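Enquirer: For reference, the sequence and a predicted model appear below.
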Number of protein chains: 2
Amino acid sequence: MLVSTKGRYALRVMVDLAEHQAAGRIPLKEIAARQGISEKYLENILATLVRANMLSGMRGKGGGYVLTRPPEQYTVGEILRLTEGSLAPVACLDGDCKGCSRSDECPTLDVWKNLDKLINDYLDGVTLDTLVAPSEGYDYVI
Amino acid sequence: MLVSTKGRYALRVMVDLAEHQAAGRIPLKEIAARQGISEKYLENILATLVRANMLSGMRGKGGGYVLTRPPEQYTVGEILRLTEGSLAPVACLDGDCKGCSRSDECPTLDVWKNLDKLINDYLDGVTLDTLVAPSEGYDYVI
DNA sequence: ACTAAAGCCTAGTAATGCAATAGGAAATAG
DNA sequence: CTATTTCCTATTGCATTACTAGGCTTTAGT
């Protein structure tokens, strides 16, 4: 599995926040309820996004999370790479196996490199705004 | 990680067998030594390939493994799907999460579907013969 | 100042799947 | 008959994933 729940949840939450931008800061509790995700588990994920400055979190009453950039400035690729650690399709491309003794002669390495590029290029080409459902209530107009 | 050692080893072994087609049946021991893979672990992988009729195995003295088709009739995609079980990038596309209660409204589902198609289409377009190194010794000519 | 609402931080745990190992049974050629 | 080799079923150690627990800190409002 290339993308685990962590990455999937992260993406869904980012879309959720993009859809509710107009409402200002959104508390974790609200996101978790709307998305049907455990609050405690979401905490971990949101913490990662905040540390990377993709979100701004604020504590205390009236606190919550908000995007730090407009949705069209996030790519799905960067969100997933951050939360998953890596999107490499095989260990050979992922530090671990770096300098696998056979890499010079490996007949399959090119397949993995091409696949890696394919995946990353596609995901880097999808921005958050394209995933946002057209808001029915136009809640951000006036 | 989309592809684990099982799939990677399987692919390398298939290429190995394609390269040594001219030598007839190749015993596991020889493949394992050449590829630097544990014999016992390889057994499992080869058994899977035999059960799917991608290889023919024969026991006893003079036995070993051989491809059942010419290399250009294998795709990397089918080899990996068989040994990995699935190439789905997310659980949502993989039976498990089938009928996720949110799939109707999920804003990210299309991303996964596109990604899945991208991956499978690419890997189904690569055939085994394109991975075979040009044999220096022309060992299969007369 | 006090309190309730919220995020932040460090661990811990249960379950899963991956990678590899073990031991023996059955077949085949010479 | 024997050496060789595949076939089959189980088991083990390990790492990662998914999730939980508990307490601390910050903030807004009264």
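Expert: It's in. Source: prediction; values computed, not measured.

Enquirer: and the gap between the residue of chain A most remote from its centre and residue A:47?
Expert: Relative to the centre of chain A, and counting by Cα atoms, centre = their mean, the farthest-placed residue is residue A:105 at 35.2 Å. Residue A:105 is 43 Å from residue A:47, where distance means Cβ to Cβ, to the nearest Å. Bear in mind the C-beta positions are built from the backbone N, C-alpha and C, glycine included.

Enquirer: Next: residue A:131.
Expert: 22 Å.

Enquirer: For chain A, which residues are neighbours of DNA strand D?
Expert: Counting by Cβ under 7 Å from any atom of the strand, chain A comes close to DNA strand D at A:4-6, A:38, A:40-41, A:43-44, A:58-63.

Enquirer: which residues in chain A form helices?
Expert: Listed in chain order, the helices of chain A (DSSP state H) span A:5-19, A:28-35, A:39-51, A:76-84, A:109-125.

Enquirer: How about the contacts made by the residue sitting nearest the centre point of chain A?
Expert: For chain A, the residue sitting closest to the mean C-alpha position, by Cα atoms, centre = their mean, is residue A:79 at 2.7 Å. Contacts of residue A:79 were listed using Cβ atoms under 8 Å, 6 or more residues apart in numbering or on different chains, and they are A:7, A:10-11, A:14, A:49, A:54, A:128.

Enquirer: and the helices of chain A, which is most packed in?
Expert: Most buried of the helices of chain A by mean neighbour count (mean count of other Cβ atoms under 10 Å in any protein chain shown) is helix A:5-19; its value is a mean of 22.

Enquirer: does chain B sit close to that one?
Expert: Yes. Counting by Cβ under 8 Å from any Cβ of the partner chain, chain B is contacted by helix A:5-19 at A:5, A:8, A:11-12, A:15.

Enquirer: Let me know the closest of these to residue A:22.
Expert: Of all the residues of helix A:5-19 next to chain B, the one sitting nearest residue A:22 is residue A:15; the distance, using Cβ to Cβ, is 14.6 Å.

Enquirer: before we move on, back to that, take the helices of chain A and write them to JSON lines, including mean pLDDT and distance to residue A:68.
Expert: Written out in JSON lines, the entries for these read as follows (pLDDT from 0 to 100; distance: least, Cβ to Cβ, whole Å):
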{"stretch": "helix A:5-19", "mean pLDDT": "98", "distance to residue A:68": "10"}
{"stretch": "helix A:28-35", "mean pLDDT": "97", "distance to residue A:68": "16"}
{"stretch": "helix A:39-51", "mean pLDDT": "97", "distance to residue A:68": "9"}
{"stretch": "helix A:76-84", "mean pLDDT": "98", "distance to residue A:68": "13"}
{"stretch": "helix A:109-125", "mean pLDDT": "98", "distance to residue A:68": "19"}
